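**Q** This is a predicted model, with the sequence first.
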Amino acid sequence: MGTLVVRGGRVIDETGERDADVLVRDGVIVEVGPGLDAPGAQVIDADGAVVAPGLVDIQVHFREPGREDAETVETGARAAALGGFTAVVAMPNTTPPLDDAKVVGAVLEQGRRASCHVAVAGCITRGREGHELAPMGELYDLGVRIFTDDGDCVADANVMRRAFEYARALPGAVIAQHAEDPALVAGGHMHEGEWSARLGIPGRPAAAEITIVARDLELARLTGGRYHVLHMSTAGATALVRAAKAEGVRVTAEASPQHFTLTDAECASFDPVFKMNPPLRSSDDVDAIVAGLVDGTIDAIATDHAPHPPASKELAFEEAPPGMLGVETALAVAITRLVEPGVLSLRDALARLSWQPARIAGLDAHGHGLPIAPGNAANLCVIDPSETWVVDPARSASKSRNTPWAGWKLTGRVRHTILRGEPVVINGEAVR
């Protein structure tokens, strides 16, 4: 590690905004202020740009182990770094699933060599089968702080209750849920509503999410456990979380860019790139998710980055797997959809993309999302909030190409990403 100066930017973090240079030595911020320099320092140009804590994505699918044809820890982390992320949480629906200390340890080892910090979510149940609790204590000792069977819902209320109770003995542990009742969504491929009826595609009703969130909030009340709603997508669930927060329930929630931007009308194209679980919802749901981001009901923007090989996304809509890419475009979609229209300030958008998700996942303890101040780890991103660009899937660092934003003109682009004081993206190009 050496010395570098991030020069000429506007620093934005949890403490506020100011014009300042940032001096970094051996991976740590040593000074923040105007006119900084150091002999032999590498200069990182931030003129006209924003310097922020590195972004943190608490829901990605890097597919390793088992589906390395779609993504690996290495390729996913590189794509994340290009999107400004210095830390991500990889979901456990791999093959085999992340319910075993040896498997988790192997993924963490891959992450240590990657372009961003790759943390791991552990399974709630063995094999993600929803019956017997996974060895949560062993996984916790490896550094796991989020437990979820993401990709599947823990449908058994008693199993979920026991997970909350067990996690209470693990400081900082969070139980996260893919909130879709499996019986209600069985056979469905898009949001159940006007468009599914028009298109003749079996639907997944909003009630599938709402009923699980309602049940889990009651379990969180009962046990005092920490509950996190993954990729929340409905107006009804948002209202429940808002009310529960007001009552003091320990609940947080996230939303993905697609759920505050796209609607189920996109499915009229029959293009499987718009298929995901939970599905794209109605315009009323989209408005409710935006309102939840504005008033703080929804704490984090998480991508649910879900790569699939091109051949699988070229199948018919009902046969194709759900999921879409997100790490390289999330910041720009948030700026374009929320910041440019004045819905959120840039600082509030960064809060939901950086320091708030870092706290949910316990990644602030690893130096992510912290204020840009002396003594803190130099995990930073430099953003040009006014640069416009067109999304070209062929230029993605991911092994997959299933982005719903292909051809979109977006505003806001990451110029540089710095991980523990080391540049991993310079001038929009990956250097590691």
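**A** All right, it came through fine.
**Q** any low-confidence regions in the chain?
**A** Along the chain, segments meeting pLDDT under 70 are nowhere present.
**Q** Give the closest residue to E165 in space, chain neighbours not counted.
**A** Excluding the flanking residues, the one nearest E165 by CB to CB, 6 or more residues apart in numbering is T223, at 5.2 Å. For every residue, glycine as well, the C-beta is placed using N, CA and C.
**Q** where along the stretch 151-300 of the chain do the helices fall?
**A** With DSSP state H, counting those that start in this stretch as the criterion, the stretch 151-300 of the chain has helices at 157-168, 182-185, 194-199, 206-223, 235-246, 283-295.
**Q** between the first one and helix 206-223, how many degrees?
**A** Using axes from the mean of the first three to the mean of the last three CA atoms, to 10 degrees, the interaxial angle of helix 157-168 with respect to helix 206-223 works out to 50 degrees.
**Q** and what of the fifth one?
**A** Per the same axes, to 10 degrees, the angle that helix 235-246 makes with helix 206-223 is 20 degrees.
**Q** List the contacts of stretch 111-120.
**A** By CB atoms under 8 Å, 6 or more residues apart in numbering, the residues outside stretch 111-120 that reach it are 54, 62, 73-74, 76-78, 80-81, 85-90, 92, 98, 104, 107-108, 110, 142-146, 361, 363, 366, 368, 379, 417, 419, 424-425, 430, 432.
**Q** Tell me how far the residue nearest to D149 when sequence neighbours are not counted lies from G33.
**A** Nearest residue to D149 in three dimensions, chain neighbours excluded: R128, at 4.4 Å (CB to CB, 6+ apart). Going from R128 to G33 by CB to CB, to the nearest Å gives 49 Å.
**Q** Tell me which of these two has more neighbours.
**A** Ranked by neighbour count (other CB atoms under 10 Å), R128 and G33 place R128 first, with 22 against 13.
**Q** what sits against the more buried one?
**A** R128 makes contact with P92, N93, P97, D99, D149, G151, D152, according to CB under 8 Å, 6+ apart.
**Q** Next, the nearest residue to the last one once chain neighbours are set aside: phi, psi?
**A** Sequence neighbours aside, R128 is the residue nearest to D152 in space, at 5.5 Å (criterion: CB to CB, 6+ apart). Note on R128: backbone dihedrals following degrees, to the nearest 10 are phi 60, psi 30.
**Q** does P423 have beta-bridge partners, and which?
**A** Counting by DSSP bridges, P423 is bridged to I418.
**Q** Dig out what I146 forms beta bridges with.
**A** I146 forms beta bridges with V174, as assigned by DSSP bridges.
**Q** How much space separates it from G172?
**A** Here I146 is placed at a distance of 10 Å from G172 (CB to CB).
**Q** who's in contact with the most centrally placed residue in the chain?
**A** Among the residues of the chain, the one closest to the centroid is A302, at 2.6 Å (CA atoms, centre = their mean). A302 makes contact with D57, I58, Q59, L230, H231, E254, A255, S256, P357, according to CB under 8 Å, 6+ apart.
**Q** Repeat the analysis, applying 7 Å as the threshold.
**A** D57, I58, Q59, H231, E254, S256, P357 (CB atoms under 7 Å, 6 or more residues apart in numbering).
**Q** Off-centre distance for the host helix or strand of the third one?
**A** Which is Q59. If you go by DSSP states H and E, Q59 is part of strand 55-60. Its chain's average C-alpha position is 3 Å from that of strand 55-60, according to CA atoms, centre = their mean, to the nearest Å.
**Q** can you list contacts of that strand?
**A** Contacts with strand 55-60, where a contact means CB under 7 Å, 6+ apart, come from 76, 80, 83-91, 146, 230-231, 254, 300, 302-305, 327, 331, 353-354, 357-358, 360-361, 363, 368-369, 381.
**Q** buried ones in that strand?
**A** Counting neighbours by 16 or more other CB atoms under 10 Å, one finds that the buried residues in strand 55-60 are L55, V56, D57, I58, Q59, V60.
**Q** gap between the fifth one and D99?
**A** Think Q59. 18 Å.
**Q** cool, and the first one?
**A** When distance is defined by CB to CB, L55 is 28 Å away from D99.
**Q** Spell out the secondary structure type for V107.
**A** Secondary structure assignment for V107 (DSSP: H, G, I helix; E, B strand; the rest coil): helix.
**Q** cool, and V89?
**A** Using three-state DSSP, the structure places V89 in strand.
**Q** quick one, strands of the stretch 301-432 of the chain?
**A** 380-390, 409-419, 422-426, 429-430 (DSSP state E, counting those that start in this stretch).
**Q** hey, which of those strands is tucked in deepest?
**A** Of all the strands of the stretch 301-432 of the chain, strand 409-419 has the most neighbours on average by mean count of other CB atoms under 10 Å, namely a mean of 23.
**Q** Show me what that strand is packed up against.
**A** Packed against strand 409-419 by the contact rule (3 or more CB pairs under 7 Å, 6 or more residues apart in numbering; DSSP states H and E) you find helix 330-334, strand 380-390, strand 422-426.
**Q** May I see those organised as TSV, with distance to Q177 added?
**A** Converted to TSV, these look like this (distance: least, CB to CB, whole Å):
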stretch	distance to Q177
helix 330-334	21
strand 380-390	29
strand 422-426	32
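**Q** Quick one: closest of these to G8.
**A** Taking CB to CB, strand 380-390 is the member of the helices and strands packed on strand 409-419 nearest to G8, at 9.8 Å.
**Q** just to revisit the earlier point, more neighbours: which of I146 and G172?
**A** Set I146 next to G172 and count neighbours by other CB under 10 Å: I146 wins out with 28 against 14.
**Q** my read: the more buried one touches V89, true?
**A** Yes. With contacts counted by CB atoms under 7 Å, I146 reaches V89, the gap being 5.8 Å.
**Q** what touches both of those two?
**A** Among the neighbours of I146, those also in contact with V89 (CB under 7 Å, 6+ apart) are I58, A121, A361.
**Q** Show the contacting residues for the second one.
**A** For A121, the residues meeting the contact criterion (CB under 7 Å, 6+ apart) are V89, A90, M91, P92, L98, V144, I146, F147, T148, D150, A176.
**Q** could you measure it against N379, distance?
**A** 20 Å.
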